[in-house]
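> Structure for the following, please:
(4 chains)
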2 protein chains.
Amino acid sequence: MVTLAEVAQHAGVSASTVSYVLSGKRSISATTRQRVEQSIRELGYHPNAGARALASSRSNIIALMIPLRTDMYVPVMMEIAIAVATTARTHGYDVLLLTGEEGPDAVRRVTGSGLADAMILMDVQLDDERLPLLRGTDQPSVLIGLPADTTGLTCVDLDWNATGALCVEHLATLGHRDIAVIGEAPAVYERHTGFAERTLDGLRSRAKELGLRVLHRPCEGGYDAMAVTLARILDERPGTTGFVVQNESAVEPLLALLRQQGRAVPEDVSVVAICPDQVAVQASVRLTSVAIPAQEMGRHAVERLTAKLDGRGSDEVVLIAPELTVRASSGPAPAGTS
Amino acid sequence: MVTLAEVAQHAGVSASTVSYVLSGKRSISATTRQRVEQSIRELGYHPNAGARALASSRSNIIALMIPLRTDMYVPVMMEIAIAVATTARTHGYDVLLLTGEEGPDAVRRVTGSGLADAMILMDVQLDDERLPLLRGTDQPSVLIGLPADTTGLTCVDLDWNATGALCVEHLATLGHRDIAVIGEAPAVYERHTGFAERTLDGLRSRAKELGLRVLHRPCEGGYDAMAVTLARILDERPGTTGFVVQNESAVEPLLALLRQQGRAVPEDVSVVAICPDQVAVQASVRLTSVAIPAQEMGRHAVERLTAKLDGRGSDEVVLIAPELTVRASSGPAPAGTS
DNA sequence: ACTTGCTGTCGAAGCGCTTCGACAACCTAT
DNA sequence: ATAGGTTGTCGAAGCGCTTCGACAGCAAGT
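Just a heads-up that it's a prediction; the model follows:
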């Protein structure tokens, strides 16, 4: 293992000079710098992470806490995680992967031990038990998702209220009057996950303004669950012509069931999904959808965080504006329904 | 920030004693231990990770290198990652998330800096450029997936050869003679990803033994790609009655297309999928499938790794035996085809 | 009583780096 | 020519922990 001291000796300078070459915190003459860089290359030197962390009280690690639930749509989590990791690297940080399993203890452990300089939390609940800890520490953090009370916190999220509203507006414009919302699994609502409730709020209030009727049903994914849910919806509101789906694993089952019942999409019923673009494009009917900007969320989160770590930037809530892409699953409401 | 020294003072012992209480590397009297533990609790002490790493040359971190490709089935990667993270925690390790982006440089960086004590590599290619580096270092590592040459390496993987064979056997037993294999995206084969080729090998050689005909077609996921692929297959081999699918995002499209063409599953054609159980269960037809044991793979990998870190265990290849679960998508070949 | 062997504790050295203050050496303005 | 300011480099302290050797105290065997 090559050390700073060896590099220094090899280059004929002192250890501190090498350190300053590496960090750029003091000016170094061009010739010295070159000599040092040469030695570093020749010896294959890599600074020791532990020593660095100890001396500078900076680990250059960002902790990312991901949920380990299975009722969330996993690819989105993964995409965020990957965006976080790659963006972090461009800022010189590595990413430590924490699963939600440990809960608040993980926050204590990481902040207490100086393992990470900052953290990003995913799957934030409206009243999340980790929040008091975050507020009580001076370690920077960013939430992906919005809790009920955001004072003293930095959050990044899709504007779910606006997303819900946007879906309704689109259907309203097309003349649909009776809207059914296929939601996430019941458990998601029970634990008061912000995005699900906000979507619903935005959707309902806009629907009210526009004079539409909305029926919301949570739904586990898969065919069987979707079949039951759809039957109930059509039983209760036979005139339903617009669907908003916020559960990736219910999308395909819904399309199949509608097809099976002889309801054509988009001629008889329109479907708007809230899902990653890839899902929308790969579905059996190319779906009109509001994209979930996973990458953007991950990137934003890291950028807010590094800003804080550099002393720039303050607490703030970043809401990403939703974008609806019209594809083949939505069209004018059939005559006589509006 | 509370330090070891403060705990020692509070408990009225020396710093080294506290350290030994923490590590258990020397015997400590019960009374002293209790006093120290009490102080630790009262002061809310957390050992500093950097200092620990520096002094012990152990970071207690395992690096996990995940691919950032989008043509692999993401939930499986995620499940493995989560299994790795949770299993690692039970052994006292944290997990550093590396994306494949950096490639071999990441391996150099991590081993060189002592950031991690060991690494787990996913998405291993038959002739992976990271392998020479791994062989050249004394840092323990485990691959999830099999390269062409496994000498000096520890690998964990599903036995893909056996998986392919198992699928064929099942179909053969049911009387199917003409088998089509819907594979991963062409890119997966082009970059010589081990599992895809091995599955095919196992499948073909068993088919040969059993006298079955096999037609293999790579396939991007989604409806459009699947439609083209299926048309070609049925054109070339109209008598095909058995399908093996090794591409999660082709499963549902295939089922839909078959249905659409009036081919009943499992009466007219049988489908065997190689996919996580969740996918098999949630599909529109409950699929006969060989499960991808993501959790098990993650767990095994960590356990092999910690064994190595503790000086136990040696290089070895762990192949997990595939298990086929019969569900509703496979049945006897229609009369007159065998 | 005296060595021998534990057991439990301590002090001190050092892990490899960052960072602060010091200070030559030089350059510019008086 | 001299005071004042830069610029580039160095030495030393210290980050918080682990670990090694030393050793006091005590039990057991001679």
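> which residues sit in contact with residue A:162?
A:202, A:319, A:321, A:322 (C-beta atoms under 8 Å, 6 or more residues apart in numbering or on different chains). C-betas here are computed from N, CA, C, even on glycine.
> what's the pLDDT at it?
Looking at residue A:162, its pLDDT reads 98.
> Enumerate the residues of the stretch 1-150 of chain A near DNA strand D.
Residues of the stretch 1-150 of chain A lying close to DNA strand D by C-beta under 7 Å from any atom of the strand are A:12-17, A:20, A:26-29, A:31-33, A:51, A:54-55, A:57.
> Which residues are in contact with residue A:7?
Taking C-beta under 8 Å, 6+ apart, one finds A:18, A:36, A:39, A:40, A:43, A:45 in contact with residue A:7.
> now those as TSV including distance to DNA strand C?
Formatted as TSV, the contacts of residue A:7 follow (distance: C-beta to the nearest atom of the strand, whole Å):
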residue	distance to DNA strand C
A:18	7
A:36	12
A:39	12
A:40	10
A:43	11
A:45	7
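> what's the closest of the residues you listed to chain B?
residue A:45 (8.0 Å; C-beta to the nearest C-beta).
> Next, count neighbours for the nearest residue to the closest one once chain neighbours are set aside.
Sequence neighbours aside, residue A:2 is the residue nearest to residue A:45 in space, at 4.5 Å (criterion: C-beta to C-beta, 6 or more residues apart in numbering or on different chains). Residue A:2 sits with 17 neighbouring residues when counted by other C-beta atoms under 10 Å in any protein chain shown.
> residues in contact with residue A:2?
Here residue A:2 is in contact with A:43, A:44, A:45, A:46 (C-beta under 8 Å, 6+ apart).
> related to what we said a few turns ago, narrow the contacts of residue A:162 to those in strands?
residue A:319 (DSSP state E).
> List buried residues within the contacts of residue A:162.
In terms of neighbour count (16 or more other C-beta atoms under 10 Å in any protein chain shown), the buried residues within the contacts of residue A:162 are A:202, A:322.
> What is the nearest of the contacts of residue A:162 to residue B:330?
Comparing the contacts of residue A:162 against residue B:330 with C-beta to C-beta places residue A:322 closest, at 42.5 Å.
> Chain B next: which of the residues of the stretch 1-150 of chain A next to DNA strand D are close?
Among those, the ones lying near chain B by C-beta under 8 Å from any C-beta of the partner chain are A:51, A:54, A:57.
> Let's see if you can find the most crowded of the residues you listed.
Busiest of those [other C-beta under 10 Å] is residue A:54, holding 20 neighbours.
> So that one lies in a helix, does it not?
Yes - counting by DSSP: H, G, I helix; E, B strand; the rest coil, residue A:54 is found in a helix.
> Relative to residue B:237, how far out is the nearest residue to it once chain neighbours are set aside?
Spatial nearest neighbour of residue A:54, chain neighbours left out: residue B:50 (4.0 Å); criterion: C-beta to C-beta, 6+ apart. Distance, residue B:50 to residue B:237, by C-beta to C-beta, to the nearest Å: 62 Å.
> Comparing the two, which shows the higher neighbour count?
The neighbour comparison of residue B:50 against residue B:237 (other C-beta under 10 Å) goes to residue B:50, with 24 against 15.
> Please list the outside residues in contact with the strand or helix carrying that one.
Here residue B:50, judged by DSSP states H and E, is contained in helix B:49-56. Contact with helix B:49-56 is made by A:48-54, A:57, A:59, A:113-115, B:58-60, B:114, as judged by C-beta under 8 Å, 6+ apart.
> Counting neighbours, which of the residues you listed end up buried?
Buried among the contacts of helix B:49-56 (16+ other C-beta under 10 Å): A:48-54, A:59, A:113-115, B:59-60, B:114.
> taking the contacts of residue A:162 one by one, which sit in helices?
residue A:202 (DSSP state H).
> out of the contacts of residue A:162, what pair is the most spread apart?
Of all the pairs that these form, the one spanning the most space (C-beta to C-beta) is A:202 and A:321, at 12.5 Å.
> the strands in the stretch 101-250 of chain A, which residues?
According to DSSP state E, counting those that start in this stretch, the stretch 101-250 of chain A carries its strands in the segments A:118-121, A:141-144, A:155-158, A:178-182, A:213-217, A:242-245.
> How much space separates residue A:197 from residue A:246?
Where residue A:246 is concerned, residue A:197 sits at a distance of 11 Å (C-beta to C-beta).
> Same drill for the two, tell me which one is more crowded.
Using other C-beta under 10 Å, the more surrounded residue of residue A:197 and residue A:246 is residue A:246, with 30 against 19.
> which non-adjacent residue is nearest the more buried one?
Residue A:246's closest residue in space is residue A:274 (C-beta to C-beta, 6+ apart), at 4.5 Å.
> Where do the domain boundaries of chain A fall?
For chain A, automatic domain parsing gives the domain ranges A:4-47, A:61-158+A:294-320, A:160-292.
> closest one to residue B:211 among these?
domain A:160-292 (36.1 Å).
> First-to-last residue distance for the closest one?
10 Å (C-alpha to C-alpha, to the nearest Å).
> Run the chain-centre distance for that domain.
21 Å (C-alpha atoms, centre = their mean, to the nearest Å).
> for stretch A:312-322, same thing?
The answer for stretch A:312-322 is 13 Å, by C-alpha atoms, centre = their mean.
> I'd like the mean pLDDT over that stretch, please.
Stretch A:312-322 comes out at a mean pLDDT of 90.
> Need the contact partners of it.
Counting by C-beta under 8 Å, 6+ apart, residues outside stretch A:312-322 touching it are A:146, A:150, A:152-160, A:162-163, A:166, A:290-291, A:293, A:296-297, A:300, A:304, A:307-308.
> okay, it in CSV with CA atoms only?
The C-alpha coordinates for stretch A:312-322 follow below in CSV (Å, rounded to 0.1, in the frame of the first residue of the first chain):
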residue,chain,number,x,y,z
ARG,A,312,-24.4,26.8,-0.6
GLY,A,313,-28.1,26.3,-0.8
SER,A,314,-30.7,26.2,2.0
ASP,A,315,-33.8,24.3,3.0
GLU,A,316,-36.4,24.3,0.3
VAL,A,317,-39.0,22.1,-1.3
VAL,A,318,-38.4,21.3,-5.0
LEU,A,319,-41.5,20.2,-6.8
ILE,A,320,-41.0,18.9,-10.2
ALA,A,321,-43.8,19.9,-12.6
PRO,A,322,-45.6,16.9,-14.0
